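[1] Prediction below, plus the sequence it came from.
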Amino acid sequence: MDGRYWLWLGARLAAAVVLVAWAMSYLKGGGSEKEFQQTLNAMKQVHSFRLSYTANRGIQHYDMLWEVDCQKDILHHQMHLVDSSSGQQQEMNQDELAISGSEYDRQPDGTWKNQGYASVTAKSTCRDLAQGSDSNLLPHIATMIKRGVLQKGDKKTVNGVRCREWRVTLKGGTSGLEHDTICIGLEDHLPYEMAVDWENSHTSISDYNAAIQFDIPDSILQPAAVTSGSN
């Protein structure tokens with residue numbers, strides 16, 4: 001009788017341990033997805049931001065800056081590329097503006113040339129964000145929720161904002177797995193920093209919903225205003 005009792009008790013305890021472990025794992029994963037869902041919701045309210053990006057892809061080094069204002073439909077992009085693929089270090093600079101659907105490139109003499117239709121605009125970027133879809137610029141939070149293994153890290157400060165670091169392993173990424181690190185604001189749930197291992201990149205995001213000041217010649221703004229008003 002005693003033997004059967006202890007066997008029964010041991011089985012109950014083992015089942016309880018398994019149940020608790022399963023519950024803790026579920027709650028931990030659920031909490032992670034809830035946090036990223038809050039980030040996805042917070043990004044729906046974004047209408048302006050600045051983003052700086054650096055990356056080392058083999059023998060190419062990139063420095064980029066984006067400034068986005070959806071209400072004015074202005075997207076400013078600068079890029080500095082150092083390429084050593086030819087055995088000699090070559091540099092390339094780009095300075096582009098997308099205004100009301102048109103793209104302008106700064107020329108060596110400082111003037112701006114209309115290049116026609118802009119493939120990426122401020123309005124298209126914020127439309128994706130408002131719909132809860134991944135945009136071309138900000139971290140792909142929707143994809144992280146669907147395909148990411150999310151692990152909570154420590155708190156830190158980025159550009160004066162307190163955020164929590166998360167380690168994200170994306171299933172089906174480059175070489176099968178992609179490892180990202182993203183820091184999400186403790187109060188506003190917005191992403192402020194991100195690193196991606198396979199491209200050795202670092203992204204810093206600031207000035208959410210701030211007034212972005214653009215240095216744009218009137219010769220560009222006036223045609224853009226006419227085009228915008230005719231749509």
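    Looks like it came in fine. Numbers count the residues shown, from 1 in each chain.
[2] Pick out the residue closest to the middle of this protein.
    Among the residues of the chain, residue 139 comes closest to the average C-alpha position under CA atoms, centre = their mean, at 1.7 Å.
[3] list the contacts for that one?
    Residue 139 sits next to 180, 182, 191, 194, 203 when contact means CB atoms under 8 Å, 6 or more residues apart in numbering. For glycine as for every other residue, the C-beta is placed from the backbone atoms N, C-alpha and C.
[4] can I get those in a markdown table with neighbour count, secondary structure and distance to residue 157?
    As requested, these are exported to a markdown table (neighbours: other CB atoms under 10 Å; DSSP: H, G, I helix; E, B strand; the rest coil; distance: CB to CB, whole Å):
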| residue | neighbour count | secondary structure | distance to residue 157 |
| --- | --- | --- | --- |
| 180 | 21 | strand | 20 |
| 182 | 26 | strand | 15 |
| 191 | 25 | strand | 15 |
| 194 | 22 | strand | 16 |
| 203 | 22 | strand | 16 |
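[5] among the residues you listed, which one has the lowest pLDDT?
    By pLDDT, residue 180 ranks lowest within the contacts of residue 139, coming in at 94.
[6] so that one sits right up against residue 196, yeah?
    Yes: contact criterion CB atoms under 8 Å: residue 180 and residue 196 qualify, at 5.3 Å.
[7] Buried ones in the longest strand seen in the chain, by neighbour count?
    Using DSSP state E, we find that the single longest strand of the chain is strand 161-173. Buried residues in strand 161-173, defined by neighbour count with 16 or more other CB atoms under 10 Å: 161, 163-166, 168-170, 173.
[8] Equivalent analysis for stretch 184-200, please.
    Under 16+ other CB under 10 Å, the buried positions of stretch 184-200 are 184-185, 188-196.
[9] And stretch 135-152, by the same measure?
    135, 137-145, 148, 150.
[10] Which residue ranges of this structure form helices?
    2-43, 122-130, 141-147, 218-230 (DSSP state H).
[11] Mind checking the pLDDT average for the last one?
    Okay, so that is helix 218-230. Per-residue scores along helix 218-230 average to 61.
[12] about what we covered before: of all the buried residues of stretch 184-200, which two lie farthest apart?
    188 and 196 (22.6 Å; CB to CB).
[13] which regions of this protein sit below the pLDDT cut-off?
    Scanning the chain for pLDDT under 70 picks out the ranges 1-30, 173-176, 222-231.
[14] re earlier: any chance of the buried residues of stretch 184-200 in TSV with distance to residue 213 as columns?
    Formatted as TSV, the buried residues of stretch 184-200 follow (distance: CB to CB, whole Å):
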residue	distance to residue 213
184	27
185	23
188	22
189	26
190	21
191	23
192	21
193	23
194	25
195	28
196	30
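[15] thinking again about what came up before, now compare the buried residues of stretch 135-152 and name the two farthest from each other.
    Longest span within these, CB to CB: 137 and 150, 21.4 Å.
[16] Just want to check the distance between the spatially closest residue to residue 186 that is not a sequence neighbour and residue 111.
    Nearest in space to residue 186, with sequence neighbours left out and distances taken as CB to CB, 6 or more residues apart in numbering, is residue 162 at 4.9 Å. Relative to residue 111, residue 162 is positioned 44 Å away (CB to CB, to the nearest Å).
[17] Is the closest residue to residue 60 other than its chain neighbours bridged to anything, and to what?
    Nearest residue to residue 60, sequence neighbours excluded (CB to CB, 6+ apart): residue 83, at 5.1 Å. Residue 83 forms beta bridges with residue 60, residue 90, as assigned by DSSP bridges.
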